[in-house]
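**Student:** kindly return the folded structure for what I paste below:
(chains A and B)
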Amino acid sequence: MESVMHRALNMAFINLNHPAHFLGFGPFQVSVGNFVIIAAMFVIFLLAIFIPFPQGKEE
Amino acid sequence: MSKSSVEKNWTARLRRSTLETMEPEDLLPDNQPAYVASWIYVFGVLTIASLVMLIATGLVLTLEGPSWWHVSSVGHFWNSMHLWSVELFFVFMVVHLWGKFWMAAWRGKRTATWITGVLAFGTSIVTALTGYLIQTNFDSQWIATQAKDGFNAMGIGAFFNTLNTGQAILLHVSLLPLVVGVIVVWHILLVRRKGVVPPIDNDATIDGGVF
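**Tutor:** I've put the predicted structure just below:
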C-alpha cells in the first residue's frame, strides 16, 4: 500500500522525489533549489526598498 | 529600611541600574521615527516571528523524536512546519542583514548591536547544521560524513563529531537554541536602547537622541 508520504509527494505541485538538479558556472556550483531561494531573497530585498510603506495617521 | 542597607541589596542595585540603562519608554515604545516607515525595517521582526515559530514547532517535535516524521502524517506536518520556519528565518535574516549592511547600521555607537547580530547569524548556522544532522535520512548521513572532514580539518573534530547523532540532537534541542535565544534577546535590548539607526543622510539624529 502506498504510504502517506508517497501520496503527499505525488500530490506536490513540483515533483521533489528525485536527486537535485544543479547549475554550474565554472568552478561555482549551486542546486536549482538554493539558486531559486537566493534569487527570491534579492527580489524581496529590492521590493522592500522600492515599494512604498503604507503611511499611518499623522499626529 | 535605611538607604545604606538598600545600597547593599544586590536586587535593589540591579533594579536601579536596569531602569537607568533600559527605560520602559525605550523598551516598549509607542512611536518610531518617520524614516522607519519602510518595508526594509520590517525584516528584523519577521526574523523574530520565524524564530518563535521555529521554537514552537521544535517543542512539538521533541515530544516524539527525530524519526516521527517518517511514520506519521502528523509528524510530517510538524516537521514541515519546522522546515519552512527555518527557511523563512534565514531568508528574513539575510534580507535584514543586507538592509543593515547597506545602511551601515553600526553607526552612532551601535557596534555591539551589529556584533550581536553577527553572533546570532553564526550560531543560527551551527544550529541549522545540527538540525540537518538529525533528519535521520540519507541527506543527514551525507551531510554528516562531509562535515566530519571539514571539522576534522579545522581541528575541532574531537569536540564535535557530526557522526554522533546523539550529540547533534542534544546540541540542537538544548544548548544551541538557548545560545541563539540569549543572543537574540541581547540584540533586541540593544536595538531598543540605542534606537533604530537613522538613514545615512540623516546623521543629525545618529546617537539615538531626539527624533
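**Student:** okay but B:Leu190 is in contact with B:Ala112, surely?
**Tutor:** Yes: B:Leu190 is within contact range of B:Ala112, at 5.6 Å (criterion: CB atoms under 8 Å). In short, each C-beta sits where N, CA and C put it, glycine included.
**Student:** so which strand or helix has the residue of chain A found nearest chain B?
**Tutor:** Nearest residue of chain A to chain B, counting by CB to the nearest CB: A:Ala48, 4.0 Å away. For A:Ala48, the element it lies in under DSSP states H and E is helix A:32-50.
**Student:** and that helix, which residues are buried?
**Tutor:** A:Met41, A:Ile44, A:Phe45, A:Ala48 (16 or more other CB atoms under 10 Å in any protein chain shown).
**Student:** try stretch B:127-147
**Tutor:** Neighbour count says stretch B:127-147 has B:127-136, B:140, B:144, B:147 buried, by 16+ other CB under 10 Å.
**Student:** quick one: residues in contact with that stretch.
**Tutor:** Stretch B:127-147 has contacts (CB atoms under 8 Å, 6 or more residues apart in numbering or on different chains) with B:66-67, B:70, B:86, B:90, B:162-163, B:165, B:168-169, B:171-172, B:176-177, B:180.
**Student:** at 6 Å instead, please
**Tutor:** Contact with stretch B:127-147 is made by B:Pro66, B:Ser67, B:Thr162, B:Leu163, B:Ala168, B:Ile169, B:Leu171, B:His172, B:Leu176, B:Val180, as judged by CB atoms under 6 Å, 6 or more residues apart in numbering or on different chains.
**Student:** residues near the residue of chain B found nearest chain A, how many?
**Tutor:** Ranked by CB to the nearest CB, the top residue of chain B for proximity to chain A is B:Trp39, at 4.0 Å. Residues near B:Trp39, counting by other CB atoms under 10 Å in any protein chain shown, number 18.
**Student:** OK, contacts around it?
**Tutor:** So B:Trp39 contacts A:Ala48, A:Ile51, A:Phe53 (CB under 6 Å, 6+ apart).
**Student:** if you skip the residues just before and after it, what's nearest to the residue nearest the centre of chain B?
**Tutor:** With distances taken as CA atoms, centre = their mean, B:Val184 lies nearest the centre of chain B, 4.0 Å away. Once flanking residues are discounted, B:Val184 sits nearest to B:Ala120: 5.4 Å by CB to CB, 6 or more residues apart in numbering or on different chains.
**Student:** no further questions, thank you.
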